[in-house]
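J.: Got a sequence here, can you build the structure:
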Amino acid sequence: MQEKIKLLKLGVVILFSLLVLFGGCRYQWQPPFPSSISKIAIPTFLNETFEYGLEETLTNLVKEEFLLDGQLDIIEENEADLILEGKIAYYDGKELLSGAAGAEEYRVRIVVVVSLISTGEKEVLEEAEEREIEEMTVYSLVGIFQTEDEAKNETCRKIGRELVRLIWEEWRG
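T.: Now for the predicted structure:
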């Protein structure tokens, strides 16, 4: 019984020490852009591949990720504070693993090149010079069934999430 009381007291002392130690540490959120920046335009990505319709799919899913994030309003270029421009530089839907019955595993890989433009100065932000983003999704026609279109959409969503992350964590004005 004495042993349990000593352990309980030790636990309380450690907990109190941690509260005192970390109690003074405060995180203060600061927006990465001035408060005057609240609107972004995302024009249709240019498609330099032979994958028909990929530019529309990618653009729509990137916009959807920005809508889910909710920190910037998506509007037309002439009213935007920022413009996110991009081009699809590479698309590959490739067989990875082949079994006795034929191909069983595939990969969709998309590479985009993007830049963020501040409309106030009409220039590419210094920290936001062209970036290359590469994402891929592996899918299988065996077991958990997924089509190439579903893998393509998933890869485009990954690119959208990466662009949201870049804006808030790396492309600060």
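J.: What ranges does the chain have for its strands?
T.: Per DSSP state E, the chain carries strands over the ranges 39-41, 46-47, 73-74, 82-99, 102-118, 123-124, 131-140.
J.: got those as TSV, with mean pLDDT columns?
T.: TSV is the format used below for these (pLDDT from 0 to 100):
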stretch	mean pLDDT
strand 39-41	94
strand 46-47	98
strand 73-74	94
strand 82-99	85
strand 102-118	86
strand 123-124	53
strand 131-140	92
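J.: Format these as a markdown table; extra columns: mean neighbour count and distance to Glu169.
T.: For every residue, glycine as well, the C-beta is placed using N, CA and C. Putting those into a markdown table (neighbours: other CB atoms under 10 Å; distance: least, CB to CB, whole Å) gives the following:
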| stretch | mean neighbour count | distance to Glu169 |
| --- | --- | --- |
| strand 39-41 | 19 | 16 |
| strand 46-47 | 16 | 25 |
| strand 73-74 | 14 | 19 |
| strand 82-99 | 16 | 15 |
| strand 102-118 | 18 | 13 |
| strand 123-124 | 12 | 18 |
| strand 131-140 | 16 | 12 |
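J.: For Val62, which of the ones you listed is the nearest?
T.: strand 82-99 (7.7 Å; CB to CB).
J.: Torsion angles phi and psi at Gln71?
T.: phi -90, psi -20 (degrees, to the nearest 10).
J.: Spatially nearest residue to it (excluding sequence neighbours)?
T.: Computed as CB to CB, 6 or more residues apart in numbering, the closest residue to Gln71 that is not its neighbour in sequence is Trp168, at 7.1 Å.
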